[in-house]
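> Take a look and give me a structure for this.
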Amino acid sequence: MKKINIIGGGAWGTALATVAKRAGRDVTLWAREADVADAINTQHRNTLFLPDVELDPGISATDDLATAAKADALLLVVPSQFLRTTCEALAPHVAKGTPLVICAKGIEMATGALMNEVAEAALPGRPLAALSGPTFAIEVARELPTGVTLACNDAALGNQLSEALSTPRFRAYHSSDLIGAEIGGAVKNVLAIACGIVEGCGLGDNARATLITRGLVEMARLCAAKGGNPETLMGLSGIGDLTLTCNAMQSRNFSLGVALGQGRTLKEILAERNSVAEGVDTAGAISALADRLVLDMPICRAVQAVVHGDARIDETVEGLLARPIGADSPLQAMGQS
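Numbers count the residues shown, from 1 in each chain. Coordinates of the predicted model:
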């Protein structure tokens with residue numbers, strides 16, 4: 001694990017490049033935008049996506065995938081809906097034994113596939129892991145204390161990757177539940193939009209706390225249905241990420257929900273941003289996946305209806321409040337009392 005390269009030149013990819021460098025690794029970052037790569041190499045700063053952080057001069061950048069693919073491990077940090085095309089472009093250049101650490105949080109809209117399923121299809125035979133948890137890129141880049149989950153079905157590889165990325169201020173706790181870690185990271189973005197809508201509508205802190213808790217039930221249902229362990233959601237990649245993302249304006253998904261709750265349109269909000277709010281696309285993907293798996297996920301469906309179906313927010317909220325009262329425990333809600 002001497003050389004760890006980053007595939008993705010956004011704020012999170014850049015922050016992870018700082019993590020790997022601080023952990024003593026050689027780091028090259030791939031950016032789709034040639035000007036981003038040039039700025040990192042010449043100004044030691046990602047002027048487009050993370051302009052307020054000065055980078056270690058030892059971090060190099062490239063817009064050539066073949067160059068970036070030559071590493072002991074790759075962190076895949078592109079938006080979830082672009083992971084498949086990026087992996088397909090990487091395929092001719094990545095050695096068979098190179099571990100791939102998925103850092104995108106989402107579910108593919110076109111197929112309903114989890115990110116590990118996408119990577120396995122596009123880059124078959126490579127060892128897979130996922131990095132997830134409560135992380136704002138700017139705080140990680142500024143070396144504020146952070147804990148994440150590093151999930152890998154191969155325990156030995158998972159431990160090796162955790163050790164390769166951990167520093168005194170970035171703690172990577174290992175897990176063997178790849179599916180659970182991915183479900184937590186994907187669903188929390190949708191729930192963050194819902195919590196933002198509650199905030200924007202002025203419905204109060206009680207309502208938001210209830211939404212987070214009932215959203216955790218939906219997260220657990222999907223996790224179990226996909227073969228993950230709902231107990232994983234009690235860790236950093238589940239409730240840790242959920243509480244952070246649903247309570248802070250730094251969250252792209254939460255702030256988008258706030259704007260929606262205040263009456264702005266999705267088109268207006270997205271036009272002002274150069275970064276991706278993963279929950280927008282994931283809401284539709286989760287709703288379709290819930291249909292396929294016959295799962296009750298009313299909050300995620302409500303976000304889908306508001307974001308993509310032009311449903312009225314006030315009517316949607318009233319519909320959620322009128323639902324039958326069920327079990328409180330996530331395990332009871334799945335029939336595992």
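
> burial count for T42?
Close neighbours of T42, defined as other Cβ atoms under 10 Å, add up to 9. The way it works is simple: take the backbone N, C-alpha and C, and place the C-beta from them, glycine included.

> what sits against it?
By Cβ atoms under 8 Å, 6 or more residues apart in numbering, no residues touch T42.

> same thing but 10 Å
Contacts for T42 (Cβ atoms under 10 Å, 6 or more residues apart in numbering) come out as A61.

> tell me which element it falls in.
Using DSSP states H and E, T42 sits within helix 34-43.

> Check which element follows that helix along the chain.
Downstream of helix 34-43, the first helix or strand assigned by DSSP H and E is strand 60-62.

> strands paired with that next one, and their directions?
Note on strand 60-62: by DSSP bridges, its sheet partners are strand 28-30 (parallel).

> sec struct for the residue minimising distance to the centre of the chain, please.
With distances taken as Cα atoms, centre = their mean, the residue of the chain nearest its centroid is K105 (2.4 Å). At K105 the chain is in coil, as set by DSSP: H, G, I helix; E, B strand; the rest coil.

> Sketch out the low-pLDDT regions of the protein for me.
Across the chain, the ranges flagged by pLDDT under 70 are 327-337.

> rerun at 80
Across the chain, the ranges flagged by pLDDT under 80 are 325-337.

> Give the buried residues for the helix holding T42.
Within helix 34-43, the residues scored as buried using 16 or more other Cβ atoms under 10 Å are 36-37, 39-40.

> tell me the contacts of L161?
Here L161 is in contact with 1, 4, 73, 75, 99, 101, 127, 129, 131, 150-152, 154, 172, 174 (Cβ under 10 Å, 6+ apart).

> most neighbours, which of those?
Highest neighbour count within these: A151, with 33 neighbours (other Cβ under 10 Å).

> What residues of stretch 144-163 count as buried?
Quick answer for stretch 144-163 (16+ other Cβ under 10 Å): 146-152, 157-158, 160-162.

> I'd guessed I239 sits against L233; true?
Yes. With contact defined as Cβ atoms under 10 Å, I239 reaches L233; the gap is 6.3 Å.

> Common neighbours of the two, please.
Common neighbours of I239 and L233, using Cβ under 10 Å, 6+ apart, are 184, 188, 216, 219.

> on that earlier part again, excluding chain neighbours, what is closest to the residue nearest to the centre of the chain?
G185 (3.6 Å; Cβ to Cβ, 6 or more residues apart in numbering).

> doesn't that neighbour fall inside a helix?
Yes. Checked against three-state DSSP, G185 lies within a helix.

> Might you report the residue contacts of it?
Residues near G185 by Cβ under 10 Å, 6+ apart: 80, 102-107, 114-115, 130-133, 135, 149, 151, 237-238, 241-242, 245, 278, 282.

> before we move on, back to that, spatially, which two of the buried residues of stretch 144-163 are the most separated?
Among the buried residues of stretch 144-163, the pair separated by the greatest distance (Cβ to Cβ) is T146 and L157, at 21.8 Å.

> ok, which stretches of the stretch 1-150 of the chain are strands?
Using DSSP state E, counting those that start in this stretch, the strands found in the stretch 1-150 of the chain span residues 4-7, 28-30, 60-62, 73-76, 100-102, 128-132, 146-151.

> V317: which of the ones you listed is closest?
Taking Cβ to Cβ, strand 128-132 is the member of the strands of the stretch 1-150 of the chain nearest to V317, at 29.0 Å.

> to the chain's geometric centre, what's the distance from that closest one?
Relative to the mean C-alpha coordinate of its chain, strand 128-132 is positioned 10 Å out (Cα atoms, centre = their mean, to the nearest Å).

> what's that strand packed up against?
Applying 3 or more Cβ pairs under 10 Å, 6 or more residues apart in numbering; DSSP states H and E, we find strand 128-132 packed against helix 11-22, strand 73-76, strand 100-102, helix 115-122, strand 146-151, helix 155-165, strand 170-175, helix 178-200.

> any idea which of those is most buried?
Sort the helices and strands packed on strand 128-132 by mean neighbour count, taking mean count of other Cβ atoms under 10 Å, and helix 178-200 sits at the top with a mean of 29.

> relative to helix 155-165, how tilted is that helix?
50 degrees (axes from the mean of the first three to the mean of the last three Cα atoms, to 10 degrees).
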